[in-house]
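In: take this sequence and fold it.
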Amino acid sequence: MRSNLKSADNQFLHPWDDMNDLDRNERTFLVRGEGVYVYDDTGNRLLDAPAGMWCVNIGHGRQEMADAISEQVLKLAYNSPWALTSEPPALLAAKLAELAPGDINHVFFSTGGSTAIDTALRFVCFRNNLLGRPDKKHFISRVNGYHGSTYLASSCSGKAKDKKFVDLDDRHFHYIGDPNPLHRSAQQSVEEFCDQLVAELDDTIKTLGSDRVAAFVAEPILASGGVVVPPPGYLKRCAEICRRNDVLFIADEVVTAFGRLGHFFASEAVFGVVPDIITTAKGITSGYLPLGATLVSDRLLAGLDQTGSDHAIFANGYTCSGHPVACAAALKNIEIIEKENLLDHCREVAPYFQQKLLELLELDIVKDVRGMGLMACVECEQAVAKNGEGVAEIIDRECQALGLIVRPIYNMCVMSPPLTITRSEIDHLVEMLRDGIQRASQVVA
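Out: Numbering: from 1, shown residues only. This next block holds a predicted model:
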């Protein structure tokens, strides 16, 4: 049976599949999950440190989610979002407007983070066309930022290795520096590094022309870029520059929303910024069903009905926009987060999580440990085994043998455990990660 599954799985082209390994991949088969743990097909229990893919915020195997999804499937599994609607998306839109900062009161539903970002970029261009600003179509994002896999979202992303063999829009997208303080010069303070980053954004807008720059797109914390926490005050100062130059600020909260940093949305609560647009996905349903959302400020919508343009239709949509079952899952997910005080729990255990991980700096191979809330990265020195395998991949393999899943990215191990994680589970996670790093150190030595 296992060999049949392996053969079948190799017919599934997974995200980021390496064509050199086509039909030869050996992936771990998971069969069930419970709390912060998942179980593979041989019965091994694995602590799910990445919470799937930054998303299983309420933990695995929640009966309440299964019941809510089943109930909505039996009640109404689908309706066209064009001329019809249903109760779940209406209630969810109202709830998100209540939770979002400032005057962000309108929501466009899509299918995930990529389509949420794609929608945001298309809406900004659509709005500028209506306002008679057809040249205001350039976007600024950051090196090592990640915003998705659609054509526009991947063009907006700044991870060089992801761009090597794919076609992108290289005319309208521009990148400023990675805000990782680890990359500053030896003589530079964190404050001076922040000044440099902010000045770079200001200079880039001036060089391109504020009449041509539409928006600055930023994750509050670069997630797939290595859990990069920017210097204090960086995001707020960037937002102020955007306001002065009539450039919109789009906060990509696909990862940081729904409790990851202890708040439903992190932009204002953690970083003091009220964006013009927020995109989110992942934790909105805790990964139980696919759903994305693009939240738009009332200010951006005001007056669009008075531009004099006939049929000013925002021709953007998906078959599953506002899918009733996905929206019912999101409503239940939010209810669980509120009922179980998971935001408070995250804020309570996060400092312990970060402090325990800092103990790994004792290991020679560990270069940096960083994070915020229940997001963290352990960055190791660049090293490869004789077979060419990278250090993070080796750590992940060794950790799985010990009962832990981490997400390997080049020489980094990133983690974002379920919000339900306890202190004893954090201890167990760090203990296994320490052992996995030490084992990997012997392989790459």
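
In: what's the pLDDT at residue 357?
Out: The score at residue 357 is 98. That number is its pLDDT.

In: residue 314 reaches residue 125, doesn't it?
Out: No. Under the criterion of Cβ atoms under 8 Å, residue 314 is not in contact with residue 125, lying 10.3 Å apart. Using the backbone N, CA and C atoms, a C-beta is placed for each residue, glycine as well.

In: what's the first-to-last distance across stretch 76-95?
Out: Chord length of stretch 76-95, first to last residue, is 20 Å (Cα to Cα, to the nearest Å).

In: is residue 310 in a helix, a strand, or coil?
Out: Using DSSP: H, G, I helix; E, B strand; the rest coil as the criterion, the local structure at residue 310 reads coil.

In: how much space between it and residue 130?
Out: Residue 310 is 11 Å from residue 130, where distance means Cβ to Cβ, to the nearest Å.

In: secondary structure element holding residue 353?
Out: In the assignment (DSSP states H and E), residue 353 maps to helix 342-358.

In: and that helix, what's buried?
Out: By 16 or more other Cβ atoms under 10 Å, the buried positions in helix 342-358 come out as 342-343, 345-347, 349-350, 353-354, 356-358.

In: the more surrounded of residue 310 and residue 130?
Out: residue 130 (17 against 6; other Cβ atoms under 10 Å).

In: ok, now how distant is that one from residue 104?
Out: Distance from residue 130 to residue 104, by Cβ to Cβ: 20 Å.

In: mind listing the helices for the stretch 151-300 of the chain?
Out: Taking DSSP state H, counting those that start in this stretch as the criterion, the stretch 151-300 of the chain carries its helices at 151-156, 190-208, 234-244, 266-271, 298-301.

In: just the mean pLDDT for the second one, thanks.
Out: If I follow you right, that is helix 190-208. Over the span of helix 190-208, the pLDDT mean works out to 98.

In: now swap in the last one and tell me
Out: Here the mean pLDDT over helix 298-301 is 96, rounded to a whole number.

In: tell me, how many residues neighbour residue 444?
Out: When neighbours are defined as other Cβ under 10 Å, residue 444 has 18 of them.

In: an error on my part: the question was meant for residue 170.
Out: Other residues near residue 170 come to 9 when the count uses other Cβ under 10 Å.

In: next, it: phi, psi?
Out: In terms of degrees, to the nearest 10, the main-chain angles of residue 170 are phi -100, psi 10.

In: tell me which residues touch it, please.
Out: Residue 170 makes contacts with residue 155, as judged by Cβ atoms under 8 Å, 6 or more residues apart in numbering.

In: from residue 156, how far off is it?
Out: According to Cβ to Cβ, residue 170 stands 11 Å off from residue 156.

In: with residue 142 instead?
Out: 10 Å.

In: repeat that for residue 273.
Out: In terms of Cβ to Cβ, residue 273 sits 19 Å off from residue 156.

In: give me the more crowded residue out of these two.
Out: Shown here are residue 273 and residue 156; by other Cβ under 10 Å, residue 156 has more neighbours (30 against 22).

In: how about that one: what's its closest non-neighbour residue?
Out: Leaving aside its chain neighbours, residue 156 sits nearest to residue 147 (4.5 Å; criterion: Cβ to Cβ, 6 or more residues apart in numbering).

In: what's the neighbour count on the one you found?
Out: Residue 147 is flanked by 32 other residues according to other Cβ under 10 Å.

In: how about residue 166?
Out: Applying other Cβ under 10 Å, we find 10 other residues in the vicinity of residue 166.

In: ditto for residue 261
Out: Counted with other Cβ under 10 Å, residues neighbouring residue 261 total 26.

In: can you check what pLDDT the model gives it?
Out: According to the per-residue confidence, residue 261 scores 98 in pLDDT.

In: distance of it from residue 50?
Out: 16 Å.

In: wait, isn't residue 436 in contact with residue 393?
Out: No. Judged on Cβ under 8 Å, residue 436 makes no contact with residue 393 at a distance of 11.4 Å.

In: select the longest helix from the chain.
Out: helix 423-444 (DSSP state H).

In: got the contact list for that one?
Out: Contacts made with helix 423-444 from outside it, assessed by Cβ under 8 Å, 6+ apart, are listed as 36, 47, 49, 349, 352-353, 356-357, 359-360, 363-366, 378, 380, 383-385, 391, 394-396, 398-399, 402-404, 406, 413, 415, 417, 421.

In: buried set for it?
Out: Within helix 423-444, the residues that qualify as buried by neighbour count (16+ other Cβ under 10 Å) are 425-426, 428-430, 432-437, 439-441, 443-444.

In: okay, the angle between it and helix 342-358?
Out: Put simply, helix 423-444 runs at 40 degrees to helix 342-358, going by axes from the mean of the first three to the mean of the last three Cα atoms, to 10 degrees.

In: and helix 423-444, average pLDDT?
Out: pLDDT averaged over helix 423-444 equals 95, rounded to a whole number.

In: CA-only coordinates of it in PDB, if you can.
Out: Listed next in PDB are the C-alpha coordinates belonging to helix 423-444 (Å, rounded to 0.1, in the frame of the first residue of the first chain):
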ATOM      1  CA  ARG A 423       5.000  25.700  27.800                       C
ATOM      2  CA  SER A 424       5.700  22.000  28.200                       C
ATOM      3  CA  GLU A 425       5.100  21.500  24.400                       C
ATOM      4  CA  ILE A 426       7.500  24.400  23.800                       C
ATOM      5  CA  ASP A 427      10.100  22.700  26.000                       C
ATOM      6  CA  HIS A 428       9.700  19.500  24.000                       C
ATOM      7  CA  LEU A 429       9.900  21.400  20.700                       C
ATOM      8  CA  VAL A 430      13.200  23.100  21.600                       C
ATOM      9  CA  GLU A 431      14.700  19.900  23.000                       C
ATOM     10  CA  MET A 432      14.000  18.000  19.800                       C
ATOM     11  CA  LEU A 433      15.200  20.900  17.700                       C
ATOM     12  CA  ARG A 434      18.500  21.100  19.700                       C
ATOM     13  CA  ASP A 435      19.100  17.400  19.100                       C
ATOM     14  CA  GLY A 436      18.200  17.700  15.400                       C
ATOM     15  CA  ILE A 437      20.700  20.600  14.900                       C
ATOM     16  CA  GLN A 438      23.400  18.700  16.800                       C
ATOM     17  CA  ARG A 439      22.900  15.600  14.600                       C
ATOM     18  CA  ALA A 440      22.900  17.700  11.400                       C
ATOM     19  CA  SER A 441      26.100  19.400  12.600                       C
ATOM     20  CA  GLN A 442      27.900  16.000  12.500                       C
ATOM     21  CA  VAL A 443      26.600  15.400   8.900                       C
ATOM     22  CA  VAL A 444      27.900  18.700   7.500                       C
END
